[in-house]
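Undergrad: sequence and predicted structure are below.
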Amino acid sequence: MTLTQHDIDQEIAAEHAAYEKRLADGAPVEHQPRRDYAPYRSSVLRHPKQPPITIDVSQDPELVELHSPAFGERDITEIDNDLTRQHNGEPIGERITVSGRLLDRDGRPIRGQLIEIWQANSAGRYAHQREQHDAPLDPNFTGVGRTLTDADGQYHFTTVQPGPYPWRQHLNAWRPAHIHFSLFGTAFTQRLVTQMYFPADPLFPYDPIIQSVTDDAARQRLVATYDHNLSVPEFSMGYHWDIVLDGPHATWIEEGR
């Protein structure tokens with residue numbers, strides 16, 4: 001039987017009701033989604049079911065880094081954080097500025113950290129060889145960027161508003177517009193991945209990925225706010241989004257996904 005949006009809506013409602021009952025019974029607030037969140041089918045299939053593998057680095061502390069990509073400040077160029085300037089022509093779509101701070105649980109800035117983003121173009125298509133959405137590609141938009149946080153933990157990107165796209169988990173499944181964020185600590189193995197969404201997206205109630213964050217306050221922390229002060233006159237709209245890495249106000253992280 002074909003899985004429909006109505007089926008997913010009922011499962012999402014059941015998960016939310018179960019979470020509210022757990023809270024009423026005295027359970028703690030769940031800031032992160034459960035790995036076995038049923039409406040998000042691929043999460044159930046992909047999440048780790050075995051404990052992490054321990055690597056003995058007593059002889060060589062850098063052993064684990066030999067098996068991972070290496071990233072550093074030397075890889076950053078002056079246009080890496082401006083996705084609208086990486087090709088000969090201008091990309092199609094509404095230009096936006098996205099800025100915020102990377103913070104620890106106590107609100108202190110995390111300095112000098114590599115932040116990478118990737119996203120669909122304004123038509124909702126990724127520049128990826130496995131992309132199946134038949135929306136047009138934009139020859140002037142690759143959809144990837146990177147930057148380092150400054151002394152105040154600040155980051156800044158210029159890009160275009162991504163479009164929503166179908167993702168075929170179930171009949172008529174659409175993902176809300178979003179930007180993927182990758183955060184590096186002092187080593188590649190500390191990498192964390194999350195997603196930023198845009199205010200008042202009508203697809204929020206139907207998307208099992210964002211709804212897997214069952215706590216309303218935690219889910220709202222994934223949504224950027226429009227900030228007119230970040231808008232560039234005659235050029236771009238502005239959005240503000242802070243990322244908190246730990247504690248009760250932490251941003252949702254794609255752990256095990």
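TA: Thanks, I have the structure now. Small disclaimer: the values here were computed from a predicted structure and weren't measured. Numbers count the residues shown, from 1 in each chain.
Undergrad: list the buried residues of stretch 33-46.
TA: P33, R34, R35, Y37, P39, Y40, R41, S43 (16 or more other CB atoms under 10 Å). Placement of C-beta: from N, CA and C, glycine included.
Undergrad: stretch 171-191 now?
TA: A173, R175, P176, A177, H178, I179, H180, F181, S182, L183, F184.
Undergrad: filter these down to the ones in strands?
TA: Judged by DSSP state E, strands contain the following of the buried residues of stretch 171-191: R175, H178, I179, H180, F181, S182, L183.
Undergrad: leaving out the residues flanking it, which one is nearest to the fifth one?
TA: The reference is to F181. Spatial nearest neighbour of F181, chain neighbours left out: T194 (5.2 Å); criterion: CB to CB, 6 or more residues apart in numbering.
Undergrad: can you map out the helices along the stretch 101-250 of the chain?
TA: 208-211, 216-220 (DSSP state H, counting those that start in this stretch).
Undergrad: buried stuff in the last one?
TA: Of the residues in helix 216-220, those scored as buried under the neighbour-count criterion (16+ other CB under 10 Å) are A218, R219.
Undergrad: what helices or strands is it leaning on?
TA: Here helix 216-220 touches no other helix or strand, going by 3 or more CB pairs under 8 Å, 6 or more residues apart in numbering; DSSP states H and E.
Undergrad: give me the contact list for that helix.
TA: Residues outside helix 216-220 that contact it (CB atoms under 8 Å, 6 or more residues apart in numbering): V29, E30, H31, Q32, I210, Q211, V213, W252.
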